[in-house]
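*Asks:* predicted coordinates and the sequence they were generated for:
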There are 2 protein chains.
Amino acid sequence: MRHPLLAPDLRELVADREEKVLRDFFASHHPAAAAELIDDLEPADAQYVLNLLSGRARSEIFSYLDPPLQDGIAQLMDRGALAALVSAMSHDERADLITRLPEERTQQILPLLAQAEREDIRRLTAYKESTAGAVMTSDYATVPAELTAAAAIERLRHEAPDRETIYYCYVVDEHRRLMGFVSLKNLILAPPGRRVADIMQTEVISSVVDEDQEVTAGKLMEYDLLALPIVDHENRLVGIVTHDDVADVIVEEATEDVYRMAGVGPLEDSYLRTPFLTMWGKRSFWLAVLFVGEFLTMTALVSYEDAFKKFPGLVLFIPLIISAGGNCGSQSATIITRALALGEVSPANWFRVVWHEVLMGASLGLALGAIGFLRALLTPEHALGGIAVHQIAIVVATGVAVVVVCGNLVGATLPLILKRLGLDPALMSNPFVASLVDVTGIVAYFAIAEAFLM
Amino acid sequence: MRHPLLAPDLRELVADREEKVLRDFFASHHPAAAAELIDDLEPADAQYVLNLLSGRARSEIFSYLDPPLQDGIAQLMDRGALAALVSAMSHDERADLITRLPEERTQQILPLLAQAEREDIRRLTAYKESTAGAVMTSDYATVPAELTAAAAIERLRHEAPDRETIYYCYVVDEHRRLMGFVSLKNLILAPPGRRVADIMQTEVISSVVDEDQEVTAGKLMEYDLLALPIVDHENRLVGIVTHDDVADVIVEEATEDVYRMAGVGPLEDSYLRTPFLTMWGKRSFWLAVLFVGEFLTMTALVSYEDAFKKFPGLVLFIPLIISAGGNCGSQSATIITRALALGEVSPANWFRVVWHEVLMGASLGLALGAIGFLRALLTPEHALGGIAVHQIAIVVATGVAVVVVCGNLVGATLPLILKRLGLDPALMSNPFVASLVDVTGIVAYFAIAEAFLM
């Protein structure tokens, strides 16, 4: 929900220091909508706007801002104000902010926070990126097993404003080990005098802190949960991951996969905010690797130079043939990579997948070979220089068919092999497959041409 | 959470008709986990297992099954049993099932349902695919504005078991127009005697039934909501979309984008369940289009046949040069397509994007050109046939640089143009860009070669 017309107005209001108008404006907007408008401002102006608002509204809107803008504002604030803001933020979001801030800035504000908050930040920032621990929040609600449903609801009533969600409550023993969970719905439906211990579900779906965030997100989705408890290796409850974090994880992982498939290192930031040199680095590395890999096509062509010196007409079909293989390989690589990501296929299925793709490649190869045959028949005779039209048609048709079969097979098996090796199947799949297929295609085409013509 | 070792066991238990073991087994599993195991069975065996379970467990597990298996089982059941199952399913899922069933099957069971259920199914199945209306459920909770918080909670206690969520309740007027919404958290925190009208939020984020599901999903995510109310064009509440539907929408849209980028029509089904001919159709159409498009490379090569007849050494670098442009174009097409999908860039930004990509293309082109220069210097002299090594090095370096700049620009602008035209920017972007770049690359390379050598 962009408001393209409002953004310039907001800038004017800020430039004119229209404090009352700005205050009223933001009071009537949802924090997410307010943040979207502020996202277009420079850090200093954004800070000015935030300072006009109450502490609660300020920290809410701040949480919705783009991370780079958050960082910029955090650098401008005095330490007292920053500490107050951090203290009011939700636990997972303030941990993310602290992770991004320069060490010296963090050291300035940590002493101003309460002991419990410092501890909480220290714990949440300790987990490796892309793990369940790095996404979770420590802001969960617990209830003792011996309370009655009515007493548990009463307790939530007091805890509620501070918790990320009160719709799921967890039951832990004296060592904080996860014993069960109860939803607010269960509590409301239960007879008021019933004990939590008798209502709670004891078969709890949970994740371990160092589990991959994608696996955690998958569990929450599969079981249609609002939140998933995260435990350490002793089954002690350390946090929860909520449904809104999961939506972010899904989008992040899908973007990463798409980038990887095209040979771009994942970006930490949005397109327009990524510095030029960072983007250059993410792109040039893989481009150079692919470029060097493509040197193999030269080696292949050198070994067939007699063929195309004698029959220059063969050259006309090189891009056509190798691109057919590359396109087909990209298709199968994409389909298999996505099927692996969605858990529809696993390396254990490899035989079925490979067999399926051999048949698919063969039938696609026949179709494209037939089109290639017809097109080659139409080649102007002077351009063929010595090859009969029916000969080139047969060579092109066979070449296309063979290349498409190879391309399809390479595209389908490479992601399976990468997955088997414990690597990300999306890694470089499409251009890498295309490069491999280019070399295969050249060899196949010229081998067929030599067999027919020489 | 696959249980690869359990699947064969389950088949054995079914084959041996071990009713008691099967009943106990499924009683101790979450419906989602049970469904995942049943997903591996044939429809007849799956039906046998479901028949062992109580009506409630049966409909819960059935809802989690893969759609094609649901359809298979629905075909096998007698109409009374199917009607009972449909009646117990959640409103959005039964509407999806009915949409997929053959018309005659639907006509058999509809008369067995209650009038209200028939009406509900008729309404939910009327919306176009991929709209908010097609994803929503009619299973929402409403509360009258004049109730007190305590009375509203009491009312939810009675309605709860039948509602998709009781955590958000909507307030409507006598014409079902959406007046506000109140969360269960708000109700619990409010003084019990306070009226709903005084607690409810009246600025409600909502979607209109015919809005694209991706836009609806984006709103729910942006505002971190559990559910989003869906209204008709008169602002009458007709349904809600819940957070778990949104997760499905995000995954579905990401998969569609990935497929489109690789030139595969979106699949309705998982990889292994898609019939061979359907898959062939989704792939062969775009492959053929690309293949025919690639004919242009032949036309381009024919017009430069004098050059490579005179200097066959030029042929060695054709795949190298066109693939560099193609890879670079795939990168920028992917980056811009994804940035458009995530709303980071819009066609209004085109000038900034194009300028950015011109600079990026130039700096990437320089880097790859330099590598190409060095590699060309190493070409064996006999293979160059008459071209001096330093000449070919200059031609290759310039050719690579120009092709990379063009490829990058084509890749960046094509998605912007498609978006501007109201089409999906992901549509065919990568292979289509590669084909365009192949032609451009050939023309640029040979034009440069002719200028230097002839």
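*Replies:* Here it is on my side, so go on. Since we're looking at a predicted model, the values are computed, not measured.
*Asks:* how's chain A carved up into domains?
*Replies:* Domain segmentation of chain A under automatic domain parsing yields A:6-130, A:141-258, A:271-453.
*Asks:* CSV for the ones you listed, including mean neighbour count and mean pLDDT?
*Replies:* The way it works is simple: take the backbone N, C-alpha and C, and place the C-beta from them, glycine included. Rendered in CSV, the data for the domains of chain A read as follows (neighbours: other C-beta atoms under 10 Å in any protein chain shown; pLDDT from 0 to 100):
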stretch, mean neighbour count, mean pLDDT
domain A:6-130, 17, 87
domain A:141-258, 19, 90
domain A:271-453, 21, 89
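*Asks:* in TSV, list those along with distance to chain B.
*Replies:* Conversion of these to TSV gives the following (distance: least, C-beta to the nearest C-beta, whole Å):
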stretch	distance to chain B
domain A:6-130	5
domain A:141-258	4
domain A:271-453	4
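*Asks:* so for B:Ala116, which of those sits nearest?
*Replies:* Shortest separation from B:Ala116 across these is recorded for domain A:141-258, at 23.3 Å, computed as C-beta to C-beta.
*Asks:* could you work out the end-to-end span of the closest one for me?
*Replies:* Using C-alpha to C-alpha, to the nearest Å, the end-to-end distance of domain A:141-258 comes to 37 Å.
*Asks:* minimum distance to B:Leu22: which of the domains of chain A has it?
*Replies:* When the domains of chain A are compared (using C-beta to C-beta), the closest one is domain A:141-258, at 18.2 Å.
*Asks:* distance between the closest one and the chain's centre?
*Replies:* Centroid separation between domain A:141-258 and its chain, computed with C-alpha atoms, centre = their mean, to the nearest Å, is 24 Å.
*Asks:* where along the stretch 251-400 of chain A do the helices fall?
*Replies:* For the stretch 251-400 of chain A, the helices defined by DSSP state H, counting those that start in this stretch cover A:276-303, A:305-310, A:318-341, A:350-377, A:381-384, A:389-420.
*Asks:* can you list those in CSV and add distance to B:Cys169?
*Replies:* Converted to CSV, the helices of the stretch 251-400 of chain A look like this (distance: least, C-beta to C-beta, whole Å):
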stretch, distance to B:Cys169
helix A:276-303, 47
helix A:305-310, 75
helix A:318-341, 37
helix A:350-377, 48
helix A:381-384, 75
helix A:389-420, 45
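*Asks:* let me know which of the domains of chain A is the nearest to B:Ile322.
*Replies:* Closest of these to B:Ile322 is domain A:271-453, at 6.1 Å (criterion: C-beta to C-beta).
*Asks:* wait, isn't A:Leu189 in contact with B:His158?
*Replies:* No: A:Leu189 is not in contact with B:His158 according to C-beta atoms under 8 Å; the separation is 9.4 Å.
*Asks:* mind listing the shared neighbours of the two?
*Replies:* With contacts defined as C-beta atoms under 8 Å, 6 or more residues apart in numbering or on different chains, no residue is shared by A:Leu189 and B:His158.
*Asks:* now stretch A:312-323: how far from the chain's centre is it?
*Replies:* Counting by C-alpha atoms, centre = their mean, stretch A:312-323 is centred 38 Å from the centre of its parent chain.
*Asks:* for the most far-flung residue of chain A relative to its centre, what are its contacts?
*Replies:* Largest separation from the mean C-alpha position in chain A: A:Gly386, at 53.9 Å (C-alpha atoms, centre = their mean). Under the criterion of C-beta under 8 Å, 6+ apart, the contact partners of A:Gly386 comprise A:310-311, A:313.
*Asks:* name the nearest residue to A:Asp162, sequence neighbours excluded.
*Replies:* By the measure of C-beta to C-beta, 6 or more residues apart in numbering or on different chains, the closest residue to A:Asp162 outside its immediate chain neighbours is A:Asp139, 7.1 Å from it.
*Asks:* surely the one you found forms part of a helix?
*Replies:* No: counting by DSSP: H, G, I helix; E, B strand; the rest coil, A:Asp139 is located in no helix; its state is coil.
*Asks:* was I right to think it contacts A:Ile166?
*Replies:* No: between A:Asp139 and A:Ile166 there is no contact under C-beta under 8 Å: 10.4 Å.
*Asks:* re earlier: out of the helices of the stretch 251-400 of chain A, nearest to B:Pro68?
*Replies:* Minimum separation from B:Pro68 across the helices of the stretch 251-400 of chain A (C-beta to C-beta) falls at helix A:318-341, 15.1 Å.
*Asks:* chain center to that closest one, what's the gap?
*Replies:* 22 Å.
*Asks:* next one: stretch A:277-292
*Replies:* For stretch A:277-292, the distance between its averaged C-alpha position and the chain's averaged C-alpha position is 20 Å (C-alpha atoms, centre = their mean).
*Asks:* list the residues that contact A:Leu359.
*Replies:* The neighbours of A:Leu359, taking C-beta under 8 Å, 6+ apart as the test, are B:Phe276.
*Asks:* mind running it again at 10 Å?
*Replies:* By C-beta atoms under 10 Å, 6 or more residues apart in numbering or on different chains, A:Leu359 lies in contact with A:405, A:408, B:276, B:280.
*Asks:* nearest residue to the residue sitting nearest the centre point of chain A other than its sequence neighbours?
*Replies:* To find the centre residue of chain A, average its C-alpha atoms and take the closest one (C-alpha atoms, centre = their mean): that gives A:Glu253, at 1.8 Å. Closest residue in space to A:Glu253, ignoring its immediate chain neighbours: A:Glu214 at 5.2 Å, by C-beta to C-beta, 6+ apart.
*Asks:* so what angle separates the directions of the helix or strand where that neighbour lies and helix A:318-341?
*Replies:* Following DSSP states H and E, the helix or strand that holds A:Glu214 is helix A:213-222. Here helix A:213-222 points in a direction 60 degrees away from that of helix A:318-341 (axes from the mean of the first three to the mean of the last three C-alpha atoms, to 10 degrees).
*Asks:* so after helix A:213-222, what's the next helix or strand?
*Replies:* Taking DSSP H and E as the definition, the helix or strand that follows helix A:213-222 towards the C-terminus is strand A:227-231.
*Asks:* helices or strands up against that next one?
*Replies:* When contacts are defined as 3 or more C-beta pairs under 10 Å, 6 or more residues apart in numbering or on different chains; DSSP states H and E, strand A:227-231 sits against helix A:132-135, strand A:168-172, strand A:178-183, strand A:207-208, helix A:213-222, strand A:237-242, helix A:243-261.
*Asks:* span of stretch A:126-139 from start to end?
*Replies:* Using C-alpha to C-alpha, the end-to-end distance of stretch A:126-139 comes to 16 Å.
*Asks:* can you check stretch A:106-125 too?
*Replies:* Terminal-residue distance, stretch A:106-125 (C-alpha to C-alpha): 12 Å.
*Asks:* for stretch A:181-192, same thing?
*Replies:* Distance between the two ends of stretch A:181-192: 17 Å, counting by C-alpha to C-alpha.
*Asks:* over to stretch A:260-271?
*Replies:* Counting by C-alpha to C-alpha, you get 15 Å between the two ends of stretch A:260-271.
*Asks:* ok, the closest residue to A:Ile318 other than its chain neighbours - contacts?
*Replies:* On the basis of C-beta to C-beta, 6+ apart, the spatially nearest residue to A:Ile318 that is not a chain neighbour turns out to be B:Ile318, at 6.0 Å. Shown in contact with B:Ile318 (C-beta under 10 Å, 6+ apart): A:297-298, A:301, A:315, A:318-319, A:322, A:442, B:297, B:301, B:308, B:399, B:438, B:441-442, B:445-446.
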